[in-house]
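Asker: this one's sequence-less:
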Ligand SMILES: [Fe+2]
Ligand SMILES: [Fe+2]
Ligand SMILES: [Fe+2]
């Protein structure tokens, strides 16, 4: 049973990160808009995602409180982990990397996928009426975002037909499934390769010990005089 | 033009110094990415700087990076290599994340800003800190620079004699993994707060602790100053930060101090374990202050300098600074507004500047308090509908807006500001602030807990004119420069009513800001004084855990997320209808 509950903490933590990532993506989209109505739309969307984030943070906090400190500590959220966990790409926000058209299609698809994943979370929290209602509200928001993205898409790219949006959706769904599959495999592979990594780390440590880092010492040296091109 | 950069191992940022040696722009990557403590290559900051000043790559003469990448990579690895097999996870992690280490700066520059990488130079990490602090000092020769941080590219503490801007000689250093900064961070982590973010909370919590408690003494014994050999000794068997990629302390520390704090549990003075954790914080805080005093004493003995530059992450410990200032030989302590690693791009950009001058420079000009350039007009169009739908423009005329703000503050309201250029951070000094009547208990409490969602045991800083500060607080002449940037605490005068002000901490101290007459808060206070309000509470415009707001959209977003009703912008005073 306990193991199941770690899974709950894990799901809530990951979802909080995903929602936080969306809030930041939408905020970035708002700031890079060139139309006031689009900026307004993304502002409102970002605001919703911030609220979703805080809902999940409260759920996390409520659940985490029941655990011994040594376990609960592992589920703290650190903003930098949005990048390390891949919720925000280290290359930049989506709007910084893709054309607006693709971005809108991406939002259109992902909001629907988000709604679907909340259905699973709903099952996990449904015993608590208050929590369940919050998740239901979030699901409604995600559907609304999905609809809004569709509206924008057809408004700004009227020559594109709804079937083309469907194509985007299928593509993104496959990509999303692929991402999850890849992530799962990566974690598995990581476990399998651990002994090899450690062996290589051991070899590396032998080499590192041979390096004389006394050259890094600076006592009695004018720091302004050290070669500016030197990386040591 | 000269660029300075930080990133990878610590918070990333970029700074720009012009050909006259003036700091003309500075961005922390986190305020642009909105990811607190963002360490990624400062792509957005560089891009924004180039765009803001309309610069082409050829306008940039030189770019300096704030540490020596190979040293920064190898030093912790070598320490870990001495601790095999426990350190295998760390070594494996570091080697696999080689591309995320600062060695990649060259590659990232060539990928994102091709051509600029050829202009890249490097300087020692602690020199970056020293050069960041130096321009904030009026005296720029015959000084002693003390840098204390977690870890840079080599050491964690160092003492330098600054003969002049070209002669900065290192005289003593404390080598990693012994580190005051990482010791304090490990305790921060133990207390359930986020490393590199929660250290302020530990400092606030320490004021509730008992110095003579058993647990405070245990913490205190973990690290000490060896008087004979003039070095810091740390019992590393309690810590793991030098052998693990994820943990900062081990079971031995848990056996010594008891269970760490569950980060999700509340921490209020009435809570069960509050005193225990406050005592732990007290042990760490007192120890830091004590060792810092020893380092300053030793620095004085080897340099005979009475004027000090103090920087590095540990220099953010405003409570310790006031203790150091009491040392009899100290004439002056200068702490830059951004003493941590994010500030180092400022020092790096000065280094690039100094290395490219034909004529010798004797003085670096003092940087502005608000060097982070922002033009509201850039967001005029995109904020139009957001404002029209959710805000009411109360006044677009600046003087009229100030008059309205004064009357709102008198009525206990809280005002957010997003005005013109921004502070370097981490402290908000008026242009990206939340302000209210500093004598109104209810308003200060609302600002702290309802709007900012901060831990209630952390005090809010008061902001006032020098003449007011003299009335209520025991100002130290050595720290007058620090008060400008909220860098040091000071005590309330015995028996003064200031002991009961809502901005006064439980130990009778405040982390005050003294404002000058060219600052907007000065103007507001001048009006408020007619109604006997001579102190404003001033906190950064953000929600706890987020970076401080930078642009107009960030400010409007806070109004939409929290019950903040008024925001003062370059377009006027807005009332939120959310
Ligand atoms: Fe969401
Ligand atoms: Fe959504
Ligand atoms: Fe540092």
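Answerer: Ah, there it is. Owing to the predicted nature of the structure, the values given are computational and were not obtained by experimental measurement. Numbers count the residues shown, from 1 in each chain, chains lettered A, B, ... in the order given. Ligands and ions are numbered 1, 2, ... in the order given.
Asker: who touches residue 193 in this structure?
Answerer: Since you didn't name a chain, this refers to chain A. Applying CB atoms under 8 Å, 6 or more residues apart in numbering or on different chains to residue A:193 gives no contacts. Heads up, the C-betas are built off the backbone N, CA and C, glycines and all.
Asker: please go with chain B instead
Answerer: With CB under 8 Å, 6+ apart, residue B:193 has these contacts: B:199, B:201, B:202, B:263.
Asker: State the phi and psi torsions of it.
Answerer: phi -100, psi 160 (degrees, to the nearest 10).
Asker: same check, this time on residue B:311
Answerer: phi -150, psi -180.
Asker: pLDDT score for residue B:100?
Answerer: Note on residue B:100: pLDDT of 86.
Asker: Also residue A:160?
Answerer: For residue A:160, the model assigns a pLDDT of 65.
Asker: Then residue A:176?
Answerer: For residue A:176, pLDDT reads 69.
Asker: circling back: considering the contacts of residue B:193, which possesses the most neighbours?
Answerer: Within the contacts of residue B:193, most neighbours by other CB atoms under 10 Å in any protein chain shown means residue B:202, with 26 neighbours.
Asker: That residue: which element?
Answerer: helix B:199-206 (DSSP states H and E).
Asker: And chain A, is that helix touching that?
Answerer: No: using CB under 8 Å from any CB of the partner chain, helix B:199-206 never reaches chain A; the gap is at least 13.4 Å.
Asker: counting contacts, what elements does that helix pack onto?
Answerer: helix B:180-190, helix B:274-303, helix B:318-324 (3 or more CB pairs under 8 Å, 6 or more residues apart in numbering or on different chains; DSSP states H and E).
Asker: Spatially central residue in chain A, please.
Answerer: Nearest to the mean C-alpha position of chain A, by CA atoms, centre = their mean, lies residue A:87 at 1.9 Å.
Asker: Could I get the contacting residues of the closest residue to that one other than its chain neighbours?
Answerer: Closest residue in space to residue A:87, ignoring its immediate chain neighbours: residue A:21 at 3.4 Å, by CB to CB, 6 or more residues apart in numbering or on different chains. Going by CB under 8 Å, 6+ apart, residue A:21 touches A:82, A:87, A:88.
Asker: what residues does chain A put near ligand 2?
Answerer: Within reach of ligand 2 by CB under 5 Å from the ion, chain A has these residues: A:111, A:142, A:145.
Asker: so does the host helix or strand of the last one get close to chain B?
Answerer: Using DSSP H and E, the secondary-structure element containing residue A:145 is helix A:129-156. No: contact check for helix A:129-156 against chain B, using CB under 8 Å from any CB: none in range, with a minimum separation of 14.0 Å.
Asker: Now that helix: buried residues?
Answerer: Under the neighbour-count criterion of 16 or more other CB atoms under 10 Å in any protein chain shown, helix A:129-156 has A:131-132, A:134-135, A:138-139, A:141-142, A:145-146, A:148-150, A:152-154 buried.
Asker: need the next SSE after that helix, C-terminal direction.
Answerer: Assigned by DSSP H and E, the successor of helix A:129-156 is helix A:162-210.
Asker: Tell me the residue of chain A that sits nearest ligand 2?
Answerer: Proximity of chain A to ligand 2 (CB to the ion) peaks at residue A:145, 4.0 Å away.
Asker: rewinding a little: need the residues of chain A next to ligand 2 in a markdown table (columns: distance to residue B:337 and pLDDT).
Answerer: Converted to a markdown table, the residues of chain A next to ligand 2 look like this (distance: CB to CB, whole Å; pLDDT from 0 to 100):
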| residue | distance to residue B:337 | pLDDT |
| --- | --- | --- |
| A:111 | 41 | 83 |
| A:142 | 42 | 88 |
| A:145 | 40 | 88 |
